[in-house]
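J.: give me the fold of what follows.
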Amino acid sequence: MNELQLIQSKIYELRGQKIMLDFDLAEMYQVETRVLNQAVKRNIRRFPSDFMFQLTPDEWEILKSQFVISSWGGTRKLPFAFTEQGLAMLSGVLNSDIAIQVNINIMRAFVVVRQVLAVPPVDRVGQLESQMKELRGYIEEVFADYNDINDDTRMQLELINQTLAELQAQKALLNKPRNPIGFKTPKK
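T.: Next comes the predicted model:
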C-alpha cells in the first residue's frame, strides 16, 4: 500500500467531517502521541473546536469497530480528532522535515478523498435495473412477435385444414360409384 493510500485509510468520517486521529498522526509524524498532544496543547489557540475535538466514548466505540487492527495502545484518554483545517494547523506546530512532508501527503490525501466524493460513484444497481428493464422490454417484444407469428400460423393452418377437408369432400364425391350409362343387362 503506498503512502497516499495508507493516509486515506486513516481518514474517518465523524460529525459530518473527515477527520484523522491523534495516534495515527503521531505514528505518521514519527513522534509519540503524548508529544503530539503536548505540542497541540501548547498552541491550543490554533485549534478551535472545528479544527480539533476530543471524541466522546460513543464515537470512540463506533470508530474502534472500523479498525481492522487497532493501533490504539489502550491509553485512558479518548483520542483527539483533527479536521482538515486542524491538520493544516499542525504543520505550524510541528516544524520538522518529516512533519512537513507528512502534512503535504495528508493534504494530497484529503484532496483525493474530496475528488472521490465529488464524482458520484457508479450506480451499479441502477445500471443493472435499467439493463433488466431493457432486456424485459426486448423479451416481451420477441414473445409478442412470436405470438403474432403463432396466431398467423394457426390461422394459416386452419385455412389449409379447411381447404384439405373441402378437397377430400370433393374427392369423395368424385370417387362415388356412378350409375352406368346405357342398357342394363339382366343379372343372371
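J.: would you map the helices across this structure?
T.: Ranges of helices within the chain are 3-9, 22-29, 33-42, 57-64, 84-93, 97-118, 124-175, based on DSSP state H.
J.: right, so of those helices, which gets closest to Ser49?
T.: Nearest to Ser49, of all the helices of the chain, is helix 84-93, at 9.8 Å by C-beta to C-beta. The way it works is simple: take the backbone N, C-alpha and C, and place the C-beta from them, glycine included.
J.: so which elements touch the closest one?
T.: strand 17-21, helix 33-42, helix 97-118 (3 or more C-beta pairs under 8 Å, 6 or more residues apart in numbering; DSSP states H and E).
J.: any idea which of the ones you listed is most buried?
T.: Greatest average neighbour count among the helices and strands packed on helix 84-93 goes to strand 17-21 (a mean of 21), per mean count of other C-beta atoms under 10 Å.
J.: give me the most central residue, this protein.
T.: Arg124 (4.6 Å; C-alpha atoms, centre = their mean).
J.: now that one: how far from Glu13?
T.: 22 Å (C-beta to C-beta, to the nearest Å).
J.: Thr185 too?
T.: According to C-beta to C-beta, Thr185 stands 118 Å off from Glu13.
J.: which of the two has more residues huddled nearby?
T.: Glu13 (12 against 7; other C-beta atoms under 10 Å).
J.: which ones are touching the nearest residue to the more buried one once chain neighbours are set aside?
T.: Of all residues not flanking Glu13 in the chain, Ile19 sits nearest, at 7.4 Å (C-beta to C-beta, 6 or more residues apart in numbering). Ile19 sits next to Ile11, Tyr12, Glu13, Ala81, Phe82, Thr83 when contact means C-beta atoms under 8 Å, 6 or more residues apart in numbering.
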